[in-house]
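**Q** heads up, no residue letters with this:
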């Protein structure tokens, strides 16, 4: 109904975050570009201050979205190099402190299956139904600027107060009288976190980084990432070399830029696939997500530690061992020195391989169950679960969205990837109680079925796509399907069942999967 | 389009559901039908609009398209009202910012009005368009935004009254403040303007005084949840009624337990001849309908449409029949005899169903693209 009113940005904006378009620029360039390009509409208030522009703080993606809107809606003409320069300058001088992004980084990391929950139900209904609530939480501005933003919303999208969850209430008065004052109070322009951060100075990134990670429906990985300086403002060359636990290489090269002193954004070509990195650099560590530029569901969780810094244990892979058995474990870390230890009751039978960032051991677990801390020398870090049996399984995510695509259309399909997370019953032997402990992601077998009667009647299972043995759902082609009732598209509603086999018994769990249409609009922050 | 009614979707699944229409390519219509055909007295017709920007007249006796008139502007939403003279049709278009009236005999544009009243203003009309019984006045609700160089300011909506004889580029002759969130409107025979918003309001179009005709959001029905009303289709019915569907939940007791509540469909009705109003449940809620209409032949029969064409017995609160559709249709319309149901909206065809059997009897393709959210109107010249 409001297709016309909700125009997509259509600029392929996320690509702009990666660095290809970035050139060597200085702050002075940004100021002169703003003076050149923005003052037609934004009044100059001082040498480095302009109306609206200088009265809010946001993430690099937030700035990119705004400037993109200036182009699409207000006819701003700006080259991608100039845009990158302005964005860098604004993200550096009017960004968010690391602590201000905490809890909302999933949106920057494009974790589309995140189920958002906010303390205020009113906020969820008012401001998190068209886009993520995180898009809002990742902005700081005074009340007057929140009011301008609210006026922009209703002025640009007049149907906003007619939608479900708006037409049941006095939407606009609630925005003006409740939401705007609340946002002004909770997310003001000035904060101690930001002023402290400005004083603290930038994080160092040059050097060699030890990387540990996990990709759903694929497994654990470890790698070394080498970062070297490149010409340009906070620009770096990156080389990644590593592999998944199953041996698949994870090797590639690319470039990176750091915004706001800690917001690492890189673009790396791994084989044929361009992968984006969205990491927060903090005190010699990086955390975040690396995902495919074509399909953001294909991503991995990453932690990394710089090799020139403190000793750190990042991960143990796999993160579990069955009581009374012997298995190989890999400890990933940085500056590791000293003897590896796997906690009470788990013996290191033999060190198979050892370096600064990787120790491979043959481990043997005793009878005792529990969660142990892994240490190397005096440095401890990752957790190792010792279990005797799998009591329960959770499919992660429990609710996922896949999207049809391809089939001649311009939008690639979006997969859904599932992991089976195993849990032990704990001391009381009963699953579902407080003393249960997480074992970790275990190999599982996967099947799909119709979610409900409607889905069965519509034969969703037949049309919506296919689920692989390792838990990857690949949606079917886009567009109307003449074989389906009412020639509908290949959308569907399925239940995905993951089964973990543990000795003679098997434990299963379910997740809900919605297969829906393409996302036409991929804004920098969902 | 298959839609999922999930109350809590994860990040961004939401945006897929937000766009309601499937957009098909705008095909350039085949050589427009003879534009000079005039309409015959006493004959029953339907007028319907679609992309790229046309009004089509269908002869309902032969069920054939007899003519197409071009309408200026960028199409959308295409909301139509047929004037009481049954010669002129009004269309809201150009991104909800303009109304054009077209003489259906000559295809001439006889009236136009820009919803915005100042150069620094952008005003949109959200489906609110109705005509006085004598056809001399056009009522619209305009929601203006003031456009400053670096920010917007949302203004309060106004009811703007136009003299339909003002020709092109008409200016309002009166304006009044009105509540926000009003969508469709209809005028009663006595000239009272009924407007569907938070409540169903009635306005004296001379003084601008607004009263509540039927409480909706503010209804006081014990054990009922406030109703949900989606209404963007100002359907003019043969029996001269303003009918608005609502859905609601009825609880079993004061614990207001959603799990034991019954979900219901109902309708608000204003008899535009007598001014009589009605609020009435008519069925259990089993699926979504975008529009509903009572039969001109039997006021106890209600038709509802979106993914099915459903027929209800209002007194018995019972589904009488339901027909599968080849695709979704947003709007329902009927002939004056009440023997036929016409489905429109969505794509570029009007489907004809027998009101008795719900068998599909015809499909009238339209040149051009989607009808989108436009409303078909049936009239007798």
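**A** It's in. Source: prediction; values computed, not measured.
**Q** ok, residue A:308 - contacts?
**A** For residue A:308, the contact set (Cβ atoms under 8 Å, 6 or more residues apart in numbering or on different chains) comprises A:207, A:208. Heads up, the C-betas are built off the backbone N, CA and C, glycines and all.
**Q** and what about it, helix, strand or coil?
**A** Secondary structure, DSSP: H, G, I helix; E, B strand; the rest coil: residue A:308 is coil.
**Q** distance check, it against chain B.
**A** Relative to chain B, residue A:308 is positioned 37 Å away (Cβ to the nearest Cβ, to the nearest Å).
**Q** try residue A:94
**A** Distance of residue A:94 to chain B, computed by Cβ to the nearest Cβ: 16 Å.
**Q** nearest spatial neighbour of residue A:433, chain-adjacent residues omitted?
**A** residue A:426 (6.6 Å; Cβ to Cβ, 6 or more residues apart in numbering or on different chains).
**Q** tell me the pLDDT at the one you found?
**A** Residue A:426 is assigned a predicted lDDT (pLDDT) of 94.
**Q** residue contacts, it?
**A** A:369, A:433, A:434, A:435, A:436, A:437.
**Q** adding neighbour count and secondary structure, write those out as a markdown table.
**A** Output for the contacts of residue A:426, formatted as a markdown table (neighbours: other Cβ atoms under 10 Å in any protein chain shown; DSSP: H, G, I helix; E, B strand; the rest coil):
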| residue | neighbour count | secondary structure |
| --- | --- | --- |
| A:369 | 20 | coil |
| A:433 | 12 | coil |
| A:434 | 6 | coil |
| A:435 | 11 | coil |
| A:436 | 17 | coil |
| A:437 | 18 | strand |
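**Q** which of these lies closest to chain B?
**A** residue A:436 (24.9 Å; Cβ to the nearest Cβ).
**Q** surely the closest one meets residue A:422?
**A** No. If you go by Cβ atoms under 8 Å, residue A:436 and residue A:422 don't touch, sitting 10.5 Å apart.
**Q** which residues do the two both contact?
**A** The overlap between the contact sets of residue A:436 and residue A:422 (Cβ under 8 Å, 6+ apart) consists of residue A:392.
**Q** doesn't the residue nearest to residue A:433 fall inside a helix?
**A** No. Using three-state DSSP, the assignment for residue A:426 is coil, not a helix.
**Q** in the stretch 1-150 of chain B, which residue sits nearest chain A?
**A** residue B:145 (3.5 Å).
**Q** does that residue touch residue B:157 like I think?
**A** No. Assessed by Cβ under 8 Å, residue B:145 is found out of contact with residue B:157, at 10.8 Å.
**Q** for residue A:192, see how far away the closest residue to residue A:47 other than its chain neighbours is.
**A** Sequence neighbours aside, residue A:31 is the residue nearest to residue A:47 in space, at 7.4 Å (criterion: Cβ to Cβ, 6+ apart). Look at residue A:31 and residue A:192: by Cβ to Cβ, to the nearest Å, they are 27 Å apart.
**Q** which stretches in the chain count as helices?
**A** By default, I'm working from chain A. A:13-17, A:27-37, A:60-74, A:80-93, A:98-101, A:105-108, A:121-127, A:133-137, A:143-156, A:171-174, A:180-186, A:192-200, A:453-457, A:460-463 (DSSP state H).
**Q** sorry, I should have been clearer: chain B.
**A** Listed in chain order, the helices of chain B (DSSP H) span B:13-18.
**Q** low-scoring stretches of it, by residue?
**A** Applying pLDDT under 70 to chain B flags the ranges B:1-35.
**Q** residue 297 - how many residues pack around it?
**A** No chain was given, so I picked chain A. 23 (other Cβ atoms under 10 Å in any protein chain shown).
**Q** correction: the question concerned chain B.
**A** The burial count for residue B:297: 16, using other Cβ under 10 Å.
**Q** and residue A:366, by the same measure?
**A** 12.
**Q** coming back round to it: more neighbours, residue B:145 and residue B:157?
**A** Taking neighbours as other Cβ under 10 Å, residue B:145 and residue B:157 compare with residue B:157 leading, 24 against 21.
**Q** now do the contacts for that one.
**A** Taking Cβ under 8 Å, 6+ apart, we find residue B:157 in contact with B:141, B:142, B:143, B:144, B:177, B:178, B:179, B:180, B:182.
**Q** my guess is the fifth one contacts residue B:208. True?
**A** Yes. Here residue B:177 reaches residue B:208: they are 7.4 Å apart, a contact under Cβ under 8 Å.
**Q** higher neighbour count, these two?
**A** More crowded of residue B:177 and residue B:208, by other Cβ under 10 Å: residue B:208, with 15 against 10.
**Q** check contacts around that one.
**A** Counting by Cβ under 8 Å, 6+ apart, the residues that residue B:208 touches are B:159, B:174, B:176, B:177.
**Q** where's the residue lying closest to residue B:252 once chain neighbours are set aside relative to residue B:250, distance?
**A** Using Cβ to Cβ, 6+ apart and skipping the chain neighbours, the partner closest in space to residue B:252 is residue B:260 (4.9 Å). For residue B:260, the distance to residue B:250 (Cβ to Cβ) stands at 10 Å.
**Q** neighbour-wise, which of the two wins?
**A** Remark: of residue B:260 and residue B:250, residue B:250 carries more neighbours, 16 against 10, as counted by other Cβ under 10 Å.
**Q** what's the pLDDT at the residue nearest to the spatial centre of chain A?
**A** Centroid-nearest residue in chain A: residue A:109, 2.6 Å away (criterion: Cα atoms, centre = their mean). Per-residue pLDDT puts residue A:109 at 98.
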